[in-house]
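> Using only what follows, build the 3D model:
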Amino acid sequence: MGDQEYVPMRVTDVGYTDRVGLQGLVVLTSDDGKRFPITAFSGEIADHIQRFIKGDRTSIPTIYKLVEELAESQSLYLESVQIYPKSSVLRANLVFRGKGASLELKNYRASDSIALATYYDAPITLRKDLLERTETI
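Numbering: from 1, shown residues only. Reported below is the predicted structural model:
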């Protein structure tokens with residue numbers, strides 16, 4: 001999957017699709033203002049994304065802490081998150097780089113990957129064809 005197939009995005013809105021905060025919502029926006037909403041993930045992940053965007057990195061979920069420790073032990077940083085469709089769900093690749101090393105973790109949940117990207121302040125990219133699909137809706 002080449003870089004030309006992806007569009008840089010940023011998180012512009014985070015919230016919930018229900019009144020009790022059980023289901024999360026994230027809106028990704030491209031530089032030219034095209035918006036891509038993502039739903040159908042836990043409200044807990046939306047909470048984490050909101051906290052990370054505000055700069056709160058004091059309490060992170062155990063699984064994110066695990067990723068952080070593994071990356072630090074190998075002197076890797078999260079270079080980017082690439083979001084793409086797989087069947088009827090969104091998945092993501094996590095691209096780590098470091099001094100003479102690289103690691104690409106494939107096929108992870110888009111919501112957790114976005115949370116990690118906001119934690120690390122890493123770029124988020126979206127498959128261009130996903131953005132084109134929302135233009136026709």
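
> Please count neighbours and contacts with C-alpha atoms only from this point.
Noted.

> can you tell me how far Leu90 sits from Ile45?
Distance, Leu90 to Ile45, using C-alpha to C-alpha, to the nearest Å: 15 Å.

> Pick out whichever of those two has more residues nearby.
Each of Leu90 and Ile45 has its neighbours counted (other C-alpha atoms under 10 Å); Ile45 has more, 21 against 17.

> And the pLDDT for the spatially closest residue to Phe36 that is not a sequence neighbour?
The shortest distance from Phe36 to any non-neighbouring residue, by C-alpha to C-alpha, 6 or more residues apart in numbering, is to Leu28 (5.1 Å). Here, the pLDDT recorded for Leu28 equals 98.

> Mind checking what secondary structure Leu28 has?
Look at Leu28: counting by DSSP: H, G, I helix; E, B strand; the rest coil, its state is strand.

> now swap in the one 4 residues further on and tell me
When the structure is reduced to helix, strand and coil (three-state DSSP), Asp32 reads as coil.

> which stretches of the protein form helices?
When assigned using DSSP state H, the helices of the chain occupy the ranges 43-53, 62-73, 110-120, 128-135.
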